[in-house]
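> missing the sequence, but the structure's below:
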């Protein structure tokens, strides 16, 4: 019995030892494993855990909205659904990539082999399809595939489709600007991207992140443009109709407020839909209004005449011999006039008849240096500075590189190139009293809290010509749209229109000179402003290579008229009159221009050096209506040269009222002196103080701008 107890005790001890060894071994293994997990592989496992549960969420901020001047949306960001997958999760759960790809391919309209390739990658995240339709997202969601998820991201949407497409530009699928304002204002519109930690569940869905409670920090700034959506739509429609009607290659329209420099519309054709820019050829996405440069032809003649009047080398009363419509230059070369004038003509007739010879002779008086400086001051040869990518500076070679034939041809628009925006901005100088405005397309920028962080105010770059000179040239340009002018098709019923047509042969970039096949290589244009007596709109129309007809007045003039009619009606600008009233106002303006041109004084050619007060107030002015006024009528007294107090006394004595613009002495009045009007009618007077001659800031003439080859052959036909 004692031996049996001893054996049992020994066996218990053995079992205890074995158990102890096993416990120690197990504890050692556990410690080793814990050491391996907690120390040796700690960084690796921590990274895997964070990647699975606390993965960073990349916040692509919602792009700011682009609006027109009236608050209408032009570009917005909307939430759409995208589909992605976690291939590692699918592999762990034994889900076949081939099977998932086969089930998703018909729903997403994506090739199965492409989906299979993405699902076979050793990654935690792959895109399967982005920015899908709600129907596609619902179909994928109904499959309840493990490892396949649906998330929300922002998509750029242009609700007006192709409207203002070239101005707005487009973005890629990641919401990054590619063209237009989307590219130029990328930093403003996109906002700041951020990666924030977020807790996810086993299906990869975001459970919580305190950084997501306020999403305003991830919003881009809103941009309010100067563009008016209604005017932009009319400009694009009329441009498209003209290009198609005359079977042209392309065209551009710019509509600007000459008093502020704000761009109300800027259109190019052909165009594209920024919602799907890849569906259009690359050429359709070219913003021709600022990137295409062209020889402006006769549309620069007003600037040549204005520069000569301001410089004092030309008087309004002078007559210029146009040599029967043909002027020889350097032997065999010749400049021709399409509209041959009989006998010498005035500067006003140079513009109304679009005489190349008259403009060339006026340019010769300025000399090459003077003409170059004048055109530079009008803004040619340098970019306007509008905040849009791709603007060209045009070509205005330095005068040291000109031959005489270059100087003569540049005076009437050949041998120089501009873009449509430059041309509209330069015509704004004539419309607004001689000031070159800085064109603007951005009105203000507003942050996510509604605070204005940037606002654009009208800015004057410089005074190009004296105000009186600009006014005189504007009066001259009203004859262009008269019944016998070259721009009669641009006339707008009820309003006085001042403008200039252009019909230019296109330069042959390959062979030099100008295309001999002139029938298919013309550029037709019209640029002007309305109403002529108080301009609200400057409109430039460019039609490239029309084939049905090519004269600027016929091709581009009607576009100006239709765009101007709609824009004036939209802006609520009342008509100047109709029928006899409009004709009377037209006669008043033209009579004043003729009266100014007939005087021997060069007061308007050099307004800054003359004294309006020195004008003889008793001098006879043309009486526009010889009959005696009735009891209900009054004859407008002569106010020219008088100060405001004297003008008020005369107006009051005649039983009329007065609208006043400016300070100083009277330099212009509407209606004209001697006209019979109804008692109580308003007479608009323009006052101006005498001042010194407007001196140009010295232009840098040491380095030419963009250089082009000199013109090898003078054009023989241009309007």
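Now that the structure is in, tell me what you want to look at. As the structure is a computational prediction, the values presented were derived from the model and not from experiment. Numbers count the residues shown, from 1 in each chain.
> and the residue nearest to residue 139 when sequence neighbours are not counted, what does it touch?
Take residue 139 and drop its neighbours on the chain: the residue closest to it by C-beta to C-beta, 6 or more residues apart in numbering is residue 107, 4.7 Å away. To be clear about C-beta, it is placed using only N, CA and C from the backbone, and glycine gets the same treatment. By C-beta atoms under 8 Å, 6 or more residues apart in numbering, the residues touching residue 107 are 136, 139-140, 143.
> what helix or strand does residue 107 sit in?
For residue 107, the host element (DSSP states H and E) is helix 97-108.
> which one of the contacts of residue 107 sits closest to residue 571?
residue 136 (45.1 Å; C-beta to C-beta).
> residue closest to the middle of the chain?
In the chain, the C-alpha nearest the mean C-alpha coordinate belongs to residue 266, at 5.0 Å (C-alpha atoms, centre = their mean).
> sorry, back to before: show me the contacts of residue 107 that map onto helices.
Within the contacts of residue 107, residues falling in helices by DSSP state H are 136, 139-140, 143.
> Would you list the buried entries among these?
Buried by 16 or more other C-beta atoms under 10 Å: 136, 140, out of these.
> any chance of the ones in helices among the contacts of residue 107 in TSV, plus pLDDT?
Below are these laid out as TSV (pLDDT from 0 to 100):
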residue	pLDDT
136	83
139	84
140	83
143	82
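> from the ones in helices among the contacts of residue 107, which is closest to residue 92?
Closest to residue 92, out of all of those and judged by C-beta to C-beta, is residue 143, at 19.2 Å.
> quick one: contacts for the closest one?
103-104, 107.
> buried residues in the helix holding residue 107?
97, 100-101, 104-105, 107-108.
> cool, stretch 323-336 as well?
Buried positions in stretch 323-336, judged by neighbour count with 16+ other C-beta under 10 Å: 323, 325, 327, 329, 333, 335.
> Kindly report the same for stretch 273-292.
Buried residues in stretch 273-292 (16+ other C-beta under 10 Å): 273-275, 277, 280, 284-292.
> need the longest strand for the chain.
strand 73-85 (DSSP state E).
> Which strands and helices lie in contact with that one?
strand 66-67, helix 97-108, strand 126-132, helix 134-143, strand 148-157 (3 or more C-beta pairs under 8 Å, 6 or more residues apart in numbering; DSSP states H and E).
> ok, and the helix or strand in this protein with the lowest average confidence?
Across the helices and strands of the chain, the lowest-confidence element by mean pLDDT, DSSP states H and E is strand 206-208, at a mean of 50.
> Excluding chain neighbours, give the residue nearest to residue 156 in space.
Using C-beta to C-beta, 6+ apart and skipping the chain neighbours, the partner closest in space to residue 156 is residue 171 (4.6 Å).
> Surely that neighbour touches residue 177?
Yes - counting by C-beta atoms under 8 Å, residue 177 is a contact partner of residue 171 at 5.4 Å.
> Settle it for me: which of these two has more neighbours?
residue 171 (25 against 22; other C-beta atoms under 10 Å).
> would residue 264 count as being in a strand?
Yes - Residue 264: assigned to a strand according to DSSP: H, G, I helix; E, B strand; the rest coil.
> Now do the same contact list for it.
For residue 264, the contacting residues are 69, 226-228, 231-232, 255-257, 537, 567, by C-beta under 8 Å, 6+ apart.
> can those go into CSV with extra columns for distance to residue 543, neighbour count and pLDDT?
Output for the contacts of residue 264, formatted as CSV (distance: C-beta to C-beta, whole Å; neighbours: other C-beta atoms under 10 Å; pLDDT from 0 to 100):
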residue, distance to residue 543, neighbour count, pLDDT
69, 27, 16, 94
226, 25, 22, 96
227, 22, 28, 96
228, 23, 23, 96
231, 19, 25, 96
232, 18, 25, 97
255, 16, 26, 97
256, 18, 28, 97
257, 23, 23, 96
537, 19, 27, 96
567, 19, 23, 95
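> Narrow the residues you listed to those in helices?
When DSSP H is applied, these are split such that 231-232, 567 fall in helices.
> Just the closest of those to residue 359, please.
The closest of those to residue 359 turns out to be residue 567 (C-beta to C-beta; 29.8 Å).
> Just list the residues touching that closest one, thanks.
228, 231, 234, 255, 264-265, 537, 539.
> give me that answer again for 6 Å
Going by C-beta atoms under 6 Å, 6 or more residues apart in numbering, residue 567 touches 231, 537.
> can you pull the contacts of residue 78?
Contact partners of residue 78, counting by C-beta under 6 Å, 6+ apart, are 155, 157.
> where's it relative to residue 154, distance?
Separation of residue 78 from residue 154 (C-beta to C-beta, to the nearest Å): 7 Å.
> cool, and residue 665?
Relative to residue 154, and taking C-beta to C-beta, residue 665 is found at 61 Å.
> Compare these two and say which is more crowded by neighbours.
Legend: neighbour count by other C-beta under 10 Å for residue 665 and residue 154, higher for residue 665 (24 against 19).
> what sits opposite the more buried one in the beta ladder?
Counting by DSSP bridges, residue 665 is bridged to residue 643, residue 688.
> Show me the shaky parts of the stretch 101-250 of the chain.
The model of the stretch 101-250 of the chain has pLDDT under 70 over residues 192-218.
> Report the secondary structure state of residue 524.
Note that with three-state DSSP, the state of residue 524 is strand.
> Double-check the residue nearest to residue 156 against residue 182; I have them as touching.
Yes - assessed by C-beta atoms under 6 Å, residue 171 is found in contact with residue 182 at 5.3 Å.
> what is in contact with those two at once?
Listed contacts common to residue 171 and residue 182 are nil; contacts here mean C-beta under 6 Å, 6+ apart.
> Mind naming the longest helix for the protein?
Under DSSP H, the chain gives helix 2-35 as its longest helix.
> what pLDDT, on average, does it get?
When pLDDT is averaged over helix 2-35, the result is 79.
> oh, and call the first residue 49 from now on, that's how I've got it
I'll keep to 49 as the first residue from here, and by that count the last item is helix 50-83.
> out of the ones in helices among the contacts of residue 312, who's nearest residue 482?
Using C-beta to C-beta, residue 615 comes nearest to residue 482 of the ones in helices among the contacts of residue 312, at 23.7 Å.
> That closest one and residue 96, how far apart?
With distances taken as C-beta to C-beta, residue 615 is found 64 Å from residue 96.
> can I see the domain layout of this structure?
104-273, 277-619, 659-736 (automatic domain parsing).
> distance between the first one and the chain's centre?
Translated: domain 104-273. Computed by C-alpha atoms, centre = their mean, to the nearest Å, the chain-centroid distance of domain 104-273 equals 31 Å.
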